[in-house]
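**Q** sequence and predicted structure, then a few things I'm wondering about:
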Amino acid sequence: MSAMNTKPTASAASRRKTRLFMAGAFLVAAAAFVVIAAGGINKNLVYYWTPADLHAAGDKAYGATIRLGGMVAKDSVKNRNGASGLEFDVKDATGIVHVKSSGVPPQMFRENIGVVVEGTMTRSGYFQCNRLMVSHSNEYRAPKGGHKMDKEELQKLMRTTEGLKD
Amino acid sequence: MTAALGRFLILASVLVSTTGAIIAYAAGAKRSPEGLRWSQRFAYAFAALMLAATGVMEYALITHDFSVEYVAHVGSTQVPLWVTIVSLWSSLEGSILFWGFILGIYIAATTWINRNDHQEYMPFAIGTWLSCGAFFSFLIAGPANPFLTIANPQLDGPGPNPLLQNHLLMIIHPPMLYLGYVGMTIPFGFAIAALLRGRLGQSFLRPLRASLLLPWVFLTIAIMLGGWWAYEVLGWGGYWAWDPVENASLLPWLTATAALHSAIVMERRGVLKGWTVTLIQASFLLTILGTFMTRSGVFNSVHSFTQSAIGPTILIFLAAVLLFSVALLALRIDSLEAEGKLDSAVSREGMFLVNNLFFVVLTFTVLIGTCFPLIVEAIKGKQMSVGRPYFDAMVVPIGTALLFLLGVGPALPWGKASRKEIQNALLPPLITGAIVLIVGYAMGVRNGWTLLTLLFGGYAAHVTFAQMWLPLRQRLKRGDSFGPALLDAQLRRGRRRFGGYIVHAGAVLVFVAIAVSSTMRTQQEASLTRGQSTTFAGYTVTYIGSEERAEPHRKSTIARFNITKDGKAVTTMEPRMNQYAAMREPVGTPAVYSTIAGDYYISIMNMQGDQAGVLIINMPMVGWIWFSVLMMGAGGLIALIPARRRTYVVVPETAVATGDGAVA
């Protein structure tokens, strides 16, 4: 074993100290960054729910940004062609939610079609929709009979639906 | 027959790339010149096989050989020839083959250019490239095989994804993206070679930097084309939505940009070697992560491909490369000894460090936001996404800080400087910044971040312009005549520097254009009956009527609007809705009226009888983004043009600013 290995030179020791200091500073900065980013994410999460999930959430549903997926209920659409004031019901197997939307709906929008609406639940009992999306699939699929979608299908719908963005 | 030939070529390329990689690594370990020559031959053979396999697939597509599964999946006799040719990259299997094709070209070209140079590094680099080649050949041969056959072929197919047929940009965007993505393999191979050799000498910096800059140029253009396409086709009047697939293309760009900057400090000061190598490795890993995101179906977005089995395979490859890279770094980073040291924090190189820090923070911000929903779903089984406000809130301040650095960095001198020198460098550009700020305010800008962007943008523009022409001014001062001085300063010796500052000028414009177009945008939705008008943002829009047009592959509904301003006719706009046979939902094509000031954008939401529901958007400066990004790409290319074999002449550094990477 040489002397070099057992007794580090002064400059090597000071370099190690600088390195340690830099690593420490980096860790502190990284930790601070993760805290800020995590906080930012937490505030801006968009939940993917079905009408049943929404009812089950109770008070937690108010205020959060929700992506609600379901079918447009039959005979529920009001003010279809107006530039504003569109209303309709979104339902799944067990739940139904009344939705109010301003703005012109996309071409495909109609009764008994799968939709995803993004917005918030109001305390007045309706869902205020900021973004209305109609099931958008690149591959042609024949519409299923019965107009019933199970939860899994709805979740898939919410993941794959892309439409007008804000 | 065609399919069998394709399968044979792919199997041969698996064999050739694997053998070649082993030979190359062995040649590197033994420092054998003979071994290097053999590994070069294997690299050319791999490229030739990939080229041939792609040729076979194109032949099958053009001859409509529906017995080949991929052709049956994307081909159609109803579509124009150019659509048939580009269907090579319209679906998963073909796009992976196309990937292999580009990888082959990159490997062969880089091997050829360096055939007589950098002999100590080249075997390891070729070994690494061919290992990646082996992985992609394996993907093509197995999980994503486009050459499978169908027993009872149909007479016609559905044609490629209608989105591909709908707009020209969708034809150029994917190849650009692949050229950027795949190209990151080359600097990665060089970086691994430096680590394995335990050395990163000055002469090796040139191929390393060039191999990073070329894919960077492609990626820069590709990201812009993707945004432009979204803007021209998707009809919501935006170009960026923080969609996972968009983020996937941005992530390696951020680390590659950081690496290009740290490479300059490495060149000038001989420090940051390990750091630059780490950034290059990260860029490559992020391209693989991006491929995983877009090709595995874990994310669904407008851009992504359908679910497939290649996801797990890519994930395993990603994990293996990550482990290998980290282990190699841990073992060898100490051998990349720093030759110099940093003198002062308030200096050009100090600002480079801060720049790198911001780019890395930006990368993590986007990475966390993109992957968070995936992790939550894997652990808790709950579905959610991270909303746009997160990205905006995090990225806007960091981006603004980067723009600030873009101005301050190049203004500061290298090394230690006196307080007086620093003041003289930093204060004058403030005047330009203030002027731009005031002009913006007078034109109605009120958003705080946008005003800050204008101030920093004006500052950075001043510094960039001054630095861009500095070598010329120095030569003129020295008494050179204008013509030769211009040629030498900007295009010959100073070309790299000049190119770098053109990139910076483009970047400044991009920052300003993004800030202005996103905060000054206004929109209105309207439902118009035939003959009815609405006035928005100074223009009066009158709905004239609609017509149907049938083409072989689609049916279009075209709505016509007359646009007038103060009673004078301006233009006619014709947004349309295209209905493709293979798609339930119509694909819209908004109409855009562009002027220097900005875009007027009309998108049809729905058409029923006499009524048209439209979205009208007024977006200032948006066209500047496309132009400025092209300028960044052009600057990168200027910096990239190889210098003639230099005969080194010693010039005192203080006398003339040369081309050697002085850009901050």
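**A** Nice, I can see it. Predicted, not measured: the structure shown is a model, and the values here were computed from it. Numbers count the residues shown, from 1 in each chain, chains lettered A, B, ... in the order given.
**Q** and the helices in chain A?
**A** Using DSSP state H, the helices of chain A run over residues A:3-6, A:10-43, A:51-57, A:151-160.
**Q** quick one: distance of the helix or strand encompassing B:Leu15 to the chain centre.
**A** B:Leu15 is part of helix B:2-30 when elements are defined by DSSP states H and E. Helix B:2-30 sits 29 Å away from the centroid of its parent chain (CA atoms, centre = their mean, to the nearest Å).
**Q** now do the helix or strand that that helix is followed by, average pLDDT.
**A** Later in the chain than helix B:2-30, the nearest helix or strand by DSSP H and E is helix B:33-62. Per-residue pLDDT over helix B:33-62 has a mean of 97.
**Q** buried sites along helix B:33-62?
**A** By neighbour count on 16 or more other CB atoms under 10 Å in any protein chain shown, the buried set for helix B:33-62 is B:35-36, B:38-40, B:42-54, B:56-58, B:60-61. To be clear about C-beta, it is placed using only N, CA and C from the backbone, and glycine gets the same treatment.
**Q** quick one on the thing from earlier: lowest average pLDDT across the helices of chain A?
**A** Among those, helix A:3-6 has the lowest mean pLDDT, at a mean of 42.
**Q** what's the helix or strand for the residue of the stretch 501-650 of chain B found nearest chain A?
**A** Here the residue of the stretch 501-650 of chain B nearest chain A is B:Gly613; by CB to the nearest CB that distance is 3.5 Å. B:Gly613 is located in strand B:611-620, with elements delineated by DSSP H and E.
**Q** just how off-centre is that strand within its chain?
**A** On CA atoms, centre = their mean, the centre of strand B:611-620 falls 30 Å from that of its chain.
**Q** tell me what the following helix or strand past it is packed against?
**A** Counting by DSSP H and E, the next helix or strand C-terminal to strand B:611-620 is helix B:622-640. If you count contacts as 3 or more CB pairs under 8 Å, 6 or more residues apart in numbering or on different chains; DSSP states H and E, helix B:622-640 packs onto helix B:205-233, helix B:495-519, strand B:598-608.
**Q** can you list these in CSV and add mean pLDDT?
**A** Shown next, in CSV, are the helices and strands packed on helix B:622-640 (pLDDT from 0 to 100):
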stretch, mean pLDDT
helix B:205-233, 94
helix B:495-519, 95
strand B:598-608, 89
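**Q** in JSON lines: those, plus mean neighbour count and distance to B:Thr84.
**A** Shown next, in JSON lines, are those (neighbours: other CB atoms under 10 Å in any protein chain shown; distance: least, CB to CB, whole Å):
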{"stretch": "helix B:205-233", "mean neighbour count": "22", "distance to B:Thr84": "20"}
{"stretch": "helix B:495-519", "mean neighbour count": "23", "distance to B:Thr84": "35"}
{"stretch": "strand B:598-608", "mean neighbour count": "22", "distance to B:Thr84": "29"}
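**Q** please name whichever of the ones you listed is nearest to B:Pro552.
**A** Nearest to B:Pro552 among those is helix B:205-233 (20.4 Å), distances taken as CB to CB.
**Q** just the angle between the following helix or strand past that closest one and helix B:205-233, please?
**A** As assigned by DSSP H and E, the chain's next helix or strand after helix B:205-233 is helix B:244-269. Put simply, helix B:244-269 runs at 150 degrees to helix B:205-233, going by axes from the mean of the first three to the mean of the last three CA atoms, to 10 degrees.
**Q** can helix B:244-269 be said to contact chain A?
**A** No - Helix B:244-269 lies out of reach of chain A by CB under 8 Å from any CB of the partner chain, never closer than 10.8 Å.
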